[in-house]
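Colleague: Pasting the sequence and the predicted model now:
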2 protein chains.
Amino acid sequence: MFVSQLETPALIVDLDVLERNQTRAMDLLRPLGVALRPHYKSHKCTAIAHMQLAGGAKGITCAKLSEAEDLIQSGVEDVLIANQVVEPAKLMRLGYLAGCCRLSVCVDTLENIRALESAAAAFGTTIHCLVEYEVGMRRCGVATPQEALALAEAVLAAPHLSFLGIQAYAGQLSHAEDFARRSREAARIEGRLRELLAFLHENGVDVPEVSGASTGTVELRGADTAYTEVQAGTYLFMDAAYDRVGVGFEHSLFLLSTVVSADAEHVVCDAGLKTIGVDQGNPVFADFPAASVNMSEEHCVAHCANRCAAGDKLRLIPGHCCTTVNLFDAIYFVRDGRVVDRVPVTSRGKSR
Amino acid sequence: MFVSQLETPALIVDLDVLERNQTRAMDLLRPLGVALRPHYKSHKCTAIAHMQLAGGAKGITCAKLSEAEDLIQSGVEDVLIANQVVEPAKLMRLGYLAGCCRLSVCVDTLENIRALESAAAAFGTTIHCLVEYEVGMRRCGVATPQEALALAEAVLAAPHLSFLGIQAYAGQLSHAEDFARRSREAARIEGRLRELLAFLHENGVDVPEVSGASTGTVELRGADTAYTEVQAGTYLFMDAAYDRVGVGFEHSLFLLSTVVSADAEHVVCDAGLKTIGVDQGNPVFADFPAASVNMSEEHCVAHCANRCAAGDKLRLIPGHCCTTVNLFDAIYFVRDGRVVDRVPVTSRGKSR
């Protein structure tokens, strides 16, 4: 069927563009010797994760245990949960899953390291740990080399844990629109990471991996970067928020919407706050990008002089792809205006 | 099990509070002779819709055809889709469903009235129509009595349509925090509606129903209101945005979250943009309502001097209940700190 025949609101992905974005990300990182471990949170589709792995990704990053479960049960063999897991029932599941693939998780307290060791011991498995280092987000992670050393040593001393290295995610930089500032801050963080690595090395701790970065900082890693792998997610789909950052990937993800009402001044579409994440700004109409947009729960109103009629189909570029995909059960794959597949958003709503 | 044993993030509803809110809404409207037709968009649970009907609601309002399908298939016998349905495949489904219950829909163009007539004729059913009147939202609807008359006459002339009356939703007022302004504007809209009804009456058109209003305006309807039914939704759950409006209902809906990291200055919880709608502002921590809150995709950081430890469970009041519920597959019903049921969010993600 033609894309224009889909009932709306519908989430569509242009596969030709998606493939170009994957190739571009690999082309950027390969000369630096840096691996791509794409973040599952942007698409939550195991089908797309396997496309990324086939396209050169080393493994998959995710945010939650429930996402890791979906990935592992789809056959992904190298999964990083770039987050802390603290609830007892979740720790037990983590201990079990560590026997099903190479499973890594972030840690930032001694208590959590002890709990992970118990969980892995209960199943006779090994959980790989990244010590989370706080690099400006003020969220999770420890802020001093001394604290990081204490955690790394605790992981090294735990028989069922493996010390994998450092997680350092500078989320505050991802959407910095001033390139000079982003570049300067990224360099400062690289400096902090090099100091940390030197300190750990002096104290007898080798650091195999440094994981972090995002679509907004993937281009900034020079040949001397401390990072060994990049957790970019949005690069594959792109969204209106990253457009403003200017990262050079193309839009492959669109929300197809139907005009339900229109006059000479404005167009009312059937896509609202329940189908588009607006936490990073409103969507942009692909056909009239300069039009101001108002959102309500089930409607999107574009103030534009263009003339549309009720029943017309329009494409919207979501402000934030990650929170948009999470609102849908399925994505339609399209090429040349035709629907070629419908893949489930496997982990939609998996926030545990 | 105890509520504190639920894995998080989890959406919980205090049934005692929910029942008080339902009683209060009925107590406000009954003396005015105004019916309650609660909006399904706030909870998207057929189980809760049936509780509202048992508690005195006349029928259910919803926003989309896919929501109406869920309601009708759960046995609700009076359903209003407070929106336009324009896509051909949806019109056909609407024509069929009109034979399964008393089904109403809004119209604002002659083309749509013709399409609805065809769809109902195809199945030999009757679709009830409300002519949508624009009362300040600048979204759908016609803005003059003359246009409304033309539409009403077209509905009256269509053999398979029934003219039910007027839909007039003043969404711009719902969250107006200045009571005097809200009251004044509501009175102005009532005036416009009375003029419209007089004009239609002069032209031989009787208007059985005037449907609209919301949780934010439910209190403002005086004994002389033009409205015959109120489409309030949030009254049942309440949220932080309606707190600021001061509408006098209690919070029955909370997001239960686990602390994943904490120090003396801030608390990091496992609930983020993918579990709480922030389109009407950030959530509020029930235990420290004054704390400023930062959100990211999977984390919520509260800056507070309170001391919590990783693993503690905290309750958050969503900024907007409607877009929050839409992120979950299920809601846990609780009484006195114990889980008493788990009901599916039947129409989560049903935006078509």
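Modeller: Right, received. Where do you want to start?
Colleague: where does A:Phe163 land in three-state SS?
Modeller: Under DSSP: H, G, I helix; E, B strand; the rest coil, A:Phe163 falls in the strand class.
Colleague: wait, A:Arg182
Modeller: Per three-state DSSP, the local secondary structure of A:Arg182 is helix.
Colleague: isn't it right next to A:Ser214, touching?
Modeller: No: using Cβ atoms under 8 Å, A:Arg182 is not in contact with A:Ser214, being 10.9 Å away. C-betas here are computed from N, CA, C, even on glycine.
Colleague: Tell me where the stretch 51-200 of chain A has helices.
Modeller: Using DSSP state H, counting those that start in this stretch, the helices assigned to the stretch 51-200 of chain A run over residues A:65-73, A:88-97, A:110-123, A:145-157, A:171-174, A:179-202.
Colleague: Only the buried residues of the fifth one, if you could.
Modeller: Neighbour-count burial for helix A:171-174, counted by 16 or more other Cβ atoms under 10 Å in any protein chain shown, picks out A:171, A:173-174.
Colleague: Over to the last one?
Modeller: Applying a neighbour-count criterion of 16+ other Cβ under 10 Å, one finds A:182-183, A:185-186, A:189-190, A:192-193, A:196-197, A:200 buried in helix A:179-202.
Colleague: Could you check the angle that helix makes with helix A:145-157?
Modeller: 50 degrees (axes from the mean of the first three to the mean of the last three Cα atoms, to 10 degrees).
Colleague: ok, the nearest residue to A:Leu164 once chain neighbours are set aside - how many residues close by?
Modeller: Spatial nearest neighbour of A:Leu164, excluding adjacent residues (Cβ to Cβ, 6 or more residues apart in numbering or on different chains): A:His128 at 4.4 Å. For A:His128, the neighbour count with other Cβ atoms under 10 Å in any protein chain shown is 21.
Colleague: A:Met137 and chain B, how far apart?
Modeller: When distance is defined by Cβ to the nearest Cβ, to the nearest Å, A:Met137 is 8 Å away from chain B.
Colleague: Run through the residues that contact that residue.
Modeller: A:169-172, B:296 (Cβ atoms under 8 Å, 6 or more residues apart in numbering or on different chains).
Colleague: Try it again at 7 Å.
Modeller: A:169-172 (Cβ atoms under 7 Å, 6 or more residues apart in numbering or on different chains).
Colleague: Report the beta-bridge partners for the residue nearest to A:Leu164.
Modeller: As for beta bridges, A:His128 partners with A:Ser104, A:Ser162 under DSSP bridges.
Colleague: name the element the closest residue in space to A:Ala286 that isn't next to it in sequence belongs to?
Modeller: Of all residues not flanking A:Ala286 in the chain, A:Arg315 sits nearest, at 4.2 Å (Cβ to Cβ, 6+ apart). Using DSSP states H and E, A:Arg315 sits within strand A:313-317.
Colleague: Name every strand pairing with that strand and say which way it goes.
Modeller: strand A:253-262 (antiparallel), strand A:284-285 (antiparallel).
Colleague: could these go into a markdown table alongside mean neighbour count and mean pLDDT?
Modeller: Shown next, in a markdown table, are the strands paired with strand A:313-317 (neighbours: other Cβ atoms under 10 Å in any protein chain shown; pLDDT from 0 to 100):
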| stretch | mean neighbour count | mean pLDDT |
| --- | --- | --- |
| strand A:253-262 | 24 | 95 |
| strand A:284-285 | 22 | 96 |
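Colleague: And A:Ile72, how close does it get to A:Met295?
Modeller: 36 Å (Cβ to Cβ, to the nearest Å).
Colleague: Look at the two and report which has more neighbours.
Modeller: A:Ile72 (20 against 17).
Colleague: where does that one land on pLDDT?
Modeller: Predicted confidence (pLDDT) for A:Ile72: 98.
Colleague: Could you tell me how far the residue of chain A positioned farthest from its centre is located from B:Ile113?
Modeller: No residue in chain A sits farther from the centre than A:Ala264, which is 39.4 Å out by Cα atoms, centre = their mean. For A:Ala264, the distance to B:Ile113 (Cβ to Cβ) stands at 21 Å.
Colleague: Spell out which residues of the stretch 51-200 of chain A are next to chain B.
Modeller: A:63-64, A:83-84, A:86-87, A:89-90, A:108-109, A:111-112, A:139-140, A:171 (Cβ under 7 Å from any Cβ of the partner chain).
Colleague: Low-confidence regions, chain A specifically.
Modeller: Counting by pLDDT under 70, chain A contains low-confidence residues at A:219-223.
Colleague: tally of neighbours for the nearest residue to A:Ala57 once chain neighbours are set aside?
Modeller: Nearest non-adjacent residue to A:Ala57, counting by Cβ to Cβ, 6+ apart: A:Leu36, 4.8 Å away. The number of residues packed near A:Leu36 is 25, by other Cβ under 10 Å.
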